[in-house]
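S.K.: build me a model:
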Amino acid sequence: MSEKFNRTELKQIKKIIRVHEIGMYIFLKKINNLNDELVHSTNTNHIEHIKRRLKSPESIAQKLNNLNLELTADNAKKHIKDIAGIRIICPFSKDIHKLVEILNSVPEWNISEKEDYISNPKASGYRSFHLMIQIPVYYSRQTEIIPVEVQLRTAAMDFWASIEHQVRYKYKEFIPQHLINELIICADKIAELDNRMFLIHEIVSLINQDKI
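M.R.: Predicted coordinates for the structure are as follows:
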């Protein structure tokens, strides 16, 4: 049975989770407003949908255990940076880079980490754009800087990542080589499909402009 926070630490952990939840909703409101502005100004929607999640006290405890750290609220606050997580699903990879550019321009936020696994995919074939955004949150009469983990990917990339996660969960570190090879092939084909679908989208857009 996995370890759990004691009662005192659990109370603090719940407060930490609550502050991260506020940071997450601040992000969601801002990104939706920014995207609405783009839709009205350019008639282009860069977001298909958004998924969100908060780590539970049990999940935080498990991660601290994996890091061989004592189960304290202070350790959680210091070492667990993905308590609040956002996944943005975009129509095309070009939309991802546009959104990253927009997020980078928000003056009150700071992007502390940036990993472009779309331009530079992992060896496994994994593609996504990862950001760690520091968001100021006013809570209990003080301002805290809350990290929110943001992943941006297309629907096809998201589907691939879901399948790859299932494979890794099933086999742990002992994934058969033929499955590794198949996942890499599928990732490449998905990237090609994303690019071809974007070309179709561009052609249709040009045709519609000619009709105006």
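S.K.: centroid-nearest residue for this structure?
M.R.: Nearest to the mean C-alpha position of the chain, by CA atoms, centre = their mean, lies Gln151 at 2.1 Å.
S.K.: dump the C-alpha coordinates for the host helix or strand of that residue into CSV.
M.R.: Assigned by DSSP states H and E, Gln151 belongs to strand 142-154. The C-alpha coordinates for strand 142-154 follow below in CSV (Å, rounded to 0.1, in the frame of the first residue of the first chain):
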residue,chain,number,x,y,z
GLN,A,142,-0.9,37.3,-1.0
THR,A,143,0.4,36.7,-4.6
GLU,A,144,1.9,33.3,-5.4
ILE,A,145,3.6,32.3,-8.7
ILE,A,146,2.0,29.1,-9.8
PRO,A,147,3.5,26.8,-12.5
VAL,A,148,1.0,25.5,-15.0
GLU,A,149,2.2,22.7,-17.4
VAL,A,150,0.9,23.2,-20.9
GLN,A,151,1.1,20.7,-23.7
LEU,A,152,0.0,21.6,-27.3
ARG,A,153,-0.6,19.0,-30.0
THR,A,154,-2.9,18.1,-32.8
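S.K.: could you give the angle of whichever helix or strand comes after it to strand 142-154?
M.R.: Sequence order places helix 155-171 as the next helix or strand after strand 142-154, per DSSP H and E. Counting by axes from the mean of the first three to the mean of the last three CA atoms, to 10 degrees, helix 155-171 lies at 100 degrees to strand 142-154.
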